[in-house]
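**Student:** Return atomic coordinates for the entry below.
(one chain, ligands or ions: 3)
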Amino acid sequence: MSELLGISKHESFARDVLKTKAYASARPGEALALVEIPRRRLGPHDILIDIHYCGVCHSDIHQSRDEWSGGIFPMVPGHEITGVVAGAGSAVTRFSLGDPVGVGCMVDACRECNPCLDGDEQYCERGPIFTYNSKDRNGAPTYGGYSGQIVVDEDFVLRIPRHLPLDRAAPLLCAGITTYSPLRHWHAGRGQNVAIIGFGGLGHMGVKFAKAMGAHVTVLSRSEQKAADAKKLGADQYFSLNDQSALQKRKNSFHLILNTISAPHDLNGYLDLLRFEGTMVVVGVPPEGSNLNHAKLILQRRNLSGSHIGGLVETQKMLDFCGQNDILSDIELIQIDTINDAYDRVLKGDVRYRFVIDCKPLRQ
Ligand code: NAP
Ligand code: ZN
Ligand code: ZN
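**Tutor:** Ligands and ions are numbered 1, 2, ... in the order given. Okay, here's the model as predicted:
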């Protein structure tokens, strides 16, 4: 096992940090390997979480390959964390030992700007502190959930409804909230035609939420291969993006399109599918953007927007909604030593529909 990441042995002793096993990418694009990382000593408002499961988001792959640039290495990815409270600081009031909890993409924000005060910490004007690939308030790198334990301020810890299994709940912390939030914001519901483009980790959660909210749901995928699964999850219609006659027939038909595509693509053709004043929300973050044909928006007064995960209050609402409606992710549980193969399979679209890591071997 390598040196303790991001901290010298002397500092680690002085700060009395906890150490935990983790999987890290040492450099952009390098295979992830076992390391040991520090976790800060519990402050008064901190919670120590024994991580049971962590989902594998496509954003982990973008960042570990530094496709968005500016990445902080070594990098321990993982922001779909579920586990159990294993310790609490002296001033913690909202959680008790043994509580099932989750941590998503953020572990802090400035808490002072207008978006923060409105509960939209993900849009913090100074930038939220992300669960990994970020710097904490003391300037130390943050490390994510491909690890055994994590220390997080209680204000950024979510409560998982007790009857939900922690493995299938893990992807709710990112894939779940990233699809729930725009569907709520643009009022997906009865009488609305909603299309989900890209039927992967985010896409399959989008179908479940849009259906539970009462919308008529259509899935657009690269092939016919996932049609049966999409229908089983609640899609009313499904068609391939390569089926030109199906695309032609559905021009001007959707109120809302959620675009989850992870790779560079031309979105102009997909804008034609929006009805008058319809909205396409992009949530996928491909390494390169798209060229926009302004006429596609102008001629039908269409809207193009983006959406970033969700704030803490909304994420808790989403988890409670999942608890009430028994909504969970469809997962393939994996061992951490197969993570590099799992990344390759995500890139090939070969996952049904989220890999979730069993973090037990990483707990000391
Ligand atoms: P994923 O499981 O890999 O799903 C992405 C889907 O995109 C694939 O399943 C595929 O759908 C489709 N796709 C991939 N390449 C394509 C191409 N060249 N043309 C058309 N479709 C293509 O990834 P994910 O975890 O859902 O994440 C999706 C994207 O959202 C990533 O870019 C991720 O970084 C981003 N993300 C954003 C936020 C946010 O806050 N906005 C949060 C989380 C993730 P089919 O197999 O059905 O064809
Ligand atoms: Zn994510
Ligand atoms: Zn802020």
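**Student:** Now Gly323. Its backbone dihedrals?
**Tutor:** Per-residue torsions, Gly323: phi -60, psi -40 (degrees, to the nearest 10).
**Student:** Next one, pLDDT for it please.
**Tutor:** Gly323 carries a pLDDT value of 98.
**Student:** give me the number of residues near it?
**Tutor:** 18 (other CB atoms under 10 Å). Glycine gets a C-beta too; all of them are placed from N, C-alpha and C.
**Student:** Show me which residues of this protein are close to ligand 1?
**Tutor:** 57-59, 62, 174-175, 178, 198-203, 221-222, 226, 260-263, 265, 283-286, 307-309, 346, 349 (CB under 6 Å from any ligand atom).
**Student:** run the last query once more with 5 Å
**Tutor:** Residues of the chain found near ligand 1 (CB under 5 Å from any ligand atom) are 57-59, 178, 198-202, 221-222, 260-263, 265, 283-285, 308-309, 346, 349.
**Student:** For ligand 2, what's the nearest residue on the stretch 201-350 of the chain?
**Tutor:** Residue nearest to ligand 2 within the stretch 201-350 of the chain: Ile309 (7.4 Å; CB to the ion).
**Student:** Can you get me a residue count around that residue?
**Tutor:** Close neighbours of Ile309, defined as other CB under 10 Å, add up to 26.
**Student:** so it, which of the three states?
**Tutor:** coil (DSSP: H, G, I helix; E, B strand; the rest coil).
**Student:** before we move on, the earlier item: go through the residues of the chain next to ligand 1 and flag which are in strands.
**Tutor:** Taking DSSP state E, the ones among the residues of the chain next to ligand 1 that sit in strands are Ser221.
**Student:** Could you give me the PyMOL selection string for whichever of the residues of the chain next to ligand 1 are buried?
**Tutor:** Buried residues among the residues of the chain next to ligand 1 (16 or more other CB atoms under 10 Å), as a PyMOL selection:
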select buried, resi 57+58+59+178+198+199+200+201+202+221+260+261+262+265+283+284+285+308+309+346+349
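**Student:** what does the domain assignment say about the protein?
**Tutor:** For the chain, automatic domain parsing gives the domain ranges 3-174+330-363, 175-306.
**Student:** Make JSON lines from the ones you listed and add mean pLDDT and distance to Cys322 to it.
**Tutor:** Output for the domains of the chain, formatted as JSON lines (pLDDT from 0 to 100; distance: least, CB to CB, whole Å):
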{"stretch": "domain 3-174+330-363", "mean pLDDT": "94", "distance to Cys322": "6"}
{"stretch": "domain 175-306", "mean pLDDT": "97", "distance to Cys322": "7"}
